[in-house]
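Asker: Take this sequence and fold it.
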Amino acid sequence: MVGPAADAPEGPDEEWAALEVELSERCLNRRHELTQTTLDDGTVTRCVLIPQGPDLVDLPLSNIGHARRLLAIGFERYSYLAGYDAIWSLENRLIECSIRDLGDLIAPARWLWRRITGQDQEGDDIQAIELTGQGPLADVTIRLGNPSAAFTAMAPRRLPGRSGMSIAITGVGAATHDQALETMVRVADSVFFQLDATTGVALGPVRRRERARMPRRVPHPAASLVFPRCEYNHEPLSLYWYGMSARRLPLLQYHAFYQAIEFFFPVHTAAEATNRIRNILRNPAFRVESDTEIARLISAAGPAINSRQSERSSLKAVLLACLDEQAVRAFLEEDEARCDFIGRKTGISDKLVQLRNLQVDLREQLALRIYDIRCKIVHTKMEDDDEDTYLLPFSASVDELLYDIEILQYVARHVIAASGTALQITPAGREQ
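Answerer: Residues are numbered from 1 along each chain as shown. This next block holds a predicted model:
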């Protein structure tokens, strides 16, 4: 630690210099690192790089007090758990993660504590709930309460949903990041499921999305509204709005947009069959007396009357009918990172959309990918799958779904727009 007050540096610059020396010394023989950057205006920013599995995550030092708090808790003994607002320490045998009310994203700690215990609590410091194991787990303690000083210093940024409470597990023997992560998830699931079953209070660990996975937002032009000319089917549009409202629930959001498109499957499947039937009947060689000709007619009508028509084929028919390939290409090319993501195999899908592949229509490539992801979300085994691969809530893969949600939103919007009909309004004075 920094020396006694008599030996303290005279000014902020000298104090920062002394703190940097000690921070750097603490990082020796560790994976932690201290970095310093001088901006164009002369401002100096300092970060400590904290291990998170195989990666290093930056922890900005907001001020001198923050640096002192990190030194006080022995920051070099802590690491982050990937995907969660959580820390763990092998040396301290500790895992701690912030928690939230799954039904209220901004519930304060006192309100949560009152829901859990049925008692009122004054002030910001709440009385912790401690659970101690028995037998071989006698040294393991689970604590629900205010975050520890170590957690507060290591996780100063307030993430959406953080309530001001944490779950801390001490006495655990997790030796690696993955073991600590698995232990935290299993213990939290067990405690919170018990709490839900006995009190009806649904809590969960706060998750942290990696910023690198957030899609780039393309700026939109200013609104230029005109009197509407078209009206649209209310049913698919309500599903579209539902998807727009579910931004914090990516699986639900994706499925809502898909259902908005699915509404039009019968329309476009029937349209395709109608065109085939019409072409057969227009042929002057068609004879109603011929069993062969009638069989051809039934075969052509099959997709419209067969309830077991391939859903994948129906999706493709809708996209081909409602989307312009060049417009789709222009949309995808707006974001280079999005193009790269959908063009390589990931945990989301191995159905690639490759803009350079001019042999296959982009809309057909999109249909295959959209359907593949849909099946993984609703846990449907596809015909050509060797094994089931599901997308589960809170899994790491779900955090990568954002690009595909943007694409599906674009598709749903254009499919709904293609169904528009002339707006029907009865002017005043013309009531029937």
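Asker: In the chain, mark out all the helices, start to finish.
Answerer: 12-27, 64-73, 109-117, 149-154, 177-199, 234-245, 250-262, 265-282, 291-305, 311-322, 325-332, 336-342, 362-377, 402-418 (DSSP state H).
Asker: Who is residue 167 paired with across the strands?
Answerer: residue 97, residue 144 (DSSP bridges).
Asker: What count of nearby residues applies to residue 282?
Answerer: Neighbourhood size, residue 282 [other Cβ atoms under 10 Å]: 8. All C-beta atoms are positioned from the backbone trio N, CA, C, and that covers glycine.
Asker: Measure how buried residue 237 is and give me the count.
Answerer: 17.
Asker: Pretty sure it sits against residue 416.
Answerer: Yes - assessed by Cβ atoms under 8 Å, residue 237 is found in contact with residue 416 at 5.9 Å.
Asker: any weak-confidence spans in the stretch 301-432 of the chain?
Answerer: 301-309, 380-388, 429-432 (pLDDT under 70).
Asker: before we move on, the earlier item: between the helices of the chain, which one is closest to residue 394.
Answerer: For the helices of the chain, proximity to residue 394 was assessed by Cβ to Cβ; helix 177-199 is nearest, at 8.6 Å.
Asker: can you list contacts of the closest one?
Answerer: 51-53, 79, 81-84, 86, 88, 90, 95, 97, 99, 115-116, 131, 142, 144, 167, 169, 172, 174, 201-205 (Cβ atoms under 8 Å, 6 or more residues apart in numbering).
Asker: Among those, name the ones in strands.
Answerer: 51-52, 79, 86, 88, 95, 97, 99, 131, 142, 144, 167, 169, 203-205 (DSSP state E).
Asker: out of these, what pair is the most spread apart?
Answerer: The widest separation within the ones in strands among the contacts of helix 177-199 (Cβ to Cβ) is 28.6 Å, between 51 and 131.
Asker: out of the two, which sits in the more crowded spot?
Answerer: Shown here are residue 51 and residue 131; by other Cβ under 10 Å, residue 51 has more neighbours (17 against 13).
Asker: isn't the more buried one right up against residue 79?
Answerer: Yes - shown here, residue 51 and residue 79 form a contact pair, counting by Cβ under 8 Å, at 4.3 Å.
Asker: follow-up on the earlier one: give the residues shared as contacts by residue 237 and residue 416.
Answerer: residue 260.
Asker: what residues are up against residue 328?
Answerer: Per Cβ under 8 Å, 6+ apart, neighbours of residue 328: 362-363, 366.
Asker: 10 Å instead, please
Answerer: Applying Cβ atoms under 10 Å, 6 or more residues apart in numbering to residue 328 gives the contacts 319, 353, 355, 361-363, 365-366, 407, 410-411, 414.
Asker: quick one: it from residue 367, how far?
Answerer: 11 Å (Cβ to Cβ, to the nearest Å).
Asker: Overlap in contacts, these two.
Answerer: 319, 353, 361, 411.
Asker: contacting residues for the last one?
Answerer: I take that to be residue 411. 257-258, 260-261, 315, 318-319, 322-323, 328, 331, 363, 366-367, 370.
Asker: cutoff 7 Å now
Answerer: 261, 319, 323, 366 (Cβ atoms under 7 Å, 6 or more residues apart in numbering).
Asker: just the first one next, same as before
Answerer: Residues in contact with residue 319 (Cβ under 7 Å, 6+ apart) are 363, 366-367, 411.
Asker: Out of the helices of the chain, which is closest to residue 349?
Answerer: helix 362-377 (4.8 Å).
Asker: Buried among the contacts of residue 411? Need that as a selection in PyMOL.
Answerer: Here is the PyMOL command that selects only those of the contacts of residue 411 that count as buried (16 or more other Cβ atoms under 10 Å):
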select buried, resi 261+319+323+366
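Asker: now the contacts of residue 411 in JSON lines, with distance to residue 389?
Answerer: Below are the contacts of residue 411 laid out as JSON lines (distance: Cβ to Cβ, whole Å):
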{"residue": "261", "distance to residue 389": "22"}
{"residue": "319", "distance to residue 389": "23"}
{"residue": "323", "distance to residue 389": "27"}
{"residue": "366", "distance to residue 389": "20"}
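Asker: Could you pull out the buried residues of stretch 119-134?
Answerer: With the criterion 16+ other Cβ under 10 Å, stretch 119-134 contains buried residues 126, 129.
Asker: so how far is the first residue of it from its last?
Answerer: One end of stretch 119-134 sits 27 Å from the other (Cα to Cα, to the nearest Å).
Asker: What's the mean pLDDT across it?
Answerer: Taken as a whole, stretch 119-134 has a mean pLDDT of 79.
Asker: same check, this time on stretch 14-22
Answerer: For stretch 14-22, the per-residue pLDDT averages 89.
Asker: and that stretch, how far out from the chain's middle?
Answerer: Stretch 14-22 has its average C-alpha position 39 Å from the chain's average C-alpha position, going by Cα atoms, centre = their mean, to the nearest Å.
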